[in-house]
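1. next one to model:
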Amino acid sequence: MRITELTSLSESQTSDLLKLMPQLTSSIEVSAEMLCAAAENPSTHLFAAVDEEGRIAGCASLCITKSPTGVKGGIEDVVVDATFRGQHIGRQLIEHIIAFAKENYAPVTLHLTSRPSREKANRLYQSIGFSKYDTNVYKLICE
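-> Below is the predicted model:
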C-alpha cells in the first residue's frame, strides 16, 4: 500500500472515492465535482492509500489555514474502505499527513474530530499522539 497525494483525479480515482464517501458519512451527498475541487485546491491536500492494483483503499485530507495565531491543519474525511480495514491503512494515512505537515508547514497545530461512537478511530488517534481537547464544537451550514 502506498500513500499518494491526489492533485487531480482520474475517472477511476473519482469512482473509488465516490464509493468511499458513503462509508464516512451518509448525511452528505458527495459529488465528483466536490472531490475534484478538493483535490485541486492548493490549501487542501487529499491523500489516498492505493493498493498494488491502483485501487484507492482509503483517503484523508489535510486542510491548511494560516491564521494570526499560527498555521493550523485540519485532518478531515479519514475513511478506509470496509474491505481493507484491519490493515493499519488509517494509521498509515494519519502518520503520512503528520510527516507531510511537519515537512511543509512546521510549526503547525493539527486538529481532527471523531464521533465518540468511532471507538477504534479514537483509540488510533490517541495512540498516534493526539490528545483530547476540551472544547465545544459548533456547526452551522450556510446555504
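2. straight-line length of stretch 73-89, end to end?
-> Across its full length, stretch 73-89 reaches 20 Å between end residues, using C-alpha to C-alpha, to the nearest Å.
3. then stretch 37-53?
-> Start to finish, the residues bounding stretch 37-53 are 25 Å apart (C-alpha to C-alpha).
4. let me see the contact set for Asp77.
-> With contact set as C-beta atoms under 8 Å, 6 or more residues apart in numbering, Asp77 has these partners: Met21, Leu24, Cys59, Ala60, Ser61. The way it works is simple: take the backbone N, C-alpha and C, and place the C-beta from them, glycine included.
5. the fourth one bridge partners, please.
-> Here Ala60 sits in beta bridges with Phe47, as judged by DSSP bridges.
6. tell me which residues touch it, please.
-> Residues in contact with Ala60 (C-beta under 8 Å, 6+ apart) are Phe47, Ile75, Glu76, Asp77, Val78, Val79, Gly90, Leu93, Ile94, Ile97.
7. show the subsequent helix or strand relative to whichever strand or helix holds Gln13.
-> The secondary structure element spanning Gln13 is helix 11-24 (assigned by DSSP states H and E). Toward the C-terminal end, the helix or strand that comes next after helix 11-24 (DSSP H and E) is helix 32-40.
8. by contact count, what packs against that following helix?
-> Applying 3 or more C-beta pairs under 8 Å, 6 or more residues apart in numbering; DSSP states H and E, one finds that helix 32-40 makes contact with helix 11-24, strand 44-50.
9. how far does that helix sit from its chain's centre?
-> The gap between where helix 32-40 is centred and where its chain is centred comes out at 14 Å by C-alpha atoms, centre = their mean, to the nearest Å.
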